[in-house]
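Visitor: Pasting a predicted model and its sequence here:
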Amino acid sequence: MTGKPVVLRERARRDVDQAFEHYLAEAGAPVALALSDALEDARRKIAERPGSGSPRIGHELGMPELRYLSTGGFPYLVFFVERAHEVDVWRVLRGARDFPASLRDPDER
């Protein structure tokens with residue numbers, strides 16, 4: 001992978017684990033693995049071009065540095081902030097979530 005390292009906060013790792021477990025239980029291993037591939041593809045895109053994520057929700061929340069990228073084929077958004085030497089992934093949330101409440105604690109690692 002080229003570009004900046006992409007570092008998932010603990011909460012983002014839990015989000016990914018919960019999403020994977022949900023799809024594994026509800027739709028089976030092939031769909032859960034497809035989710036994993038989609039998330040890895042999003043991670044690669046973020047690493048290569050962190051400025052290309054959408055700032056729309058970040059602006060709505062008063063956090064213009066917060067961006068997001070959607071995962072292809074799945075209803076998840078990867079929320080992140082570009083730092084000097086890495087990309088800080090805050091959360092991986094289903095598109096229907098209450099974003100202000102879910103993104104309230106930016107210091108949680």
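Guide: Right, received. Where do you want to start?

Visitor: ok, the most centrally placed residue in the chain to residue 92 distance?
Guide: When CA atoms, centre = their mean is applied to the chain, the residue found nearest the centroid is residue 78 (1.8 Å). From residue 78 across to residue 92, the span is 5 Å (CB to CB, to the nearest Å). C-betas here are computed from N, CA, C, even on glycine.

Visitor: any idea which element the residue nearest to the centre of the chain lies in?
Guide: strand 76-82 (DSSP states H and E).

Visitor: Now that strand - C-alpha only, CSV.
Guide: The C-alpha coordinates for strand 76-82 follow below in CSV (Å, rounded to 0.1, in the frame of the first residue of the first chain):
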residue,chain,number,x,y,z
TYR,A,76,-20.9,1.8,5.5
LEU,A,77,-19.0,5.1,5.8
VAL,A,78,-15.4,5.3,6.9
PHE,A,79,-14.9,8.6,8.9
PHE,A,80,-11.3,9.8,9.1
VAL,A,81,-9.0,12.8,9.6
GLU,A,82,-5.8,13.3,7.7
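
Visitor: so what's residue 82 up against?
Guide: Going by CB atoms under 8 Å, 6 or more residues apart in numbering, residue 82 touches 4, 50-51, 65, 67, 88.

Visitor: Now the phi/psi pair for the residue in the chain sticking out farthest from the centre, please.
Guide: In terms of distance from the mean C-alpha position of the chain, residue 28 ranks first, at 22.0 Å (CA atoms, centre = their mean). When read as degrees, to the nearest 10, the backbone of residue 28 gives phi 100, psi 170.

Visitor: likewise residue 63?
Guide: Main-chain dihedrals, residue 63, degrees, to the nearest 10: phi -130, psi 80.
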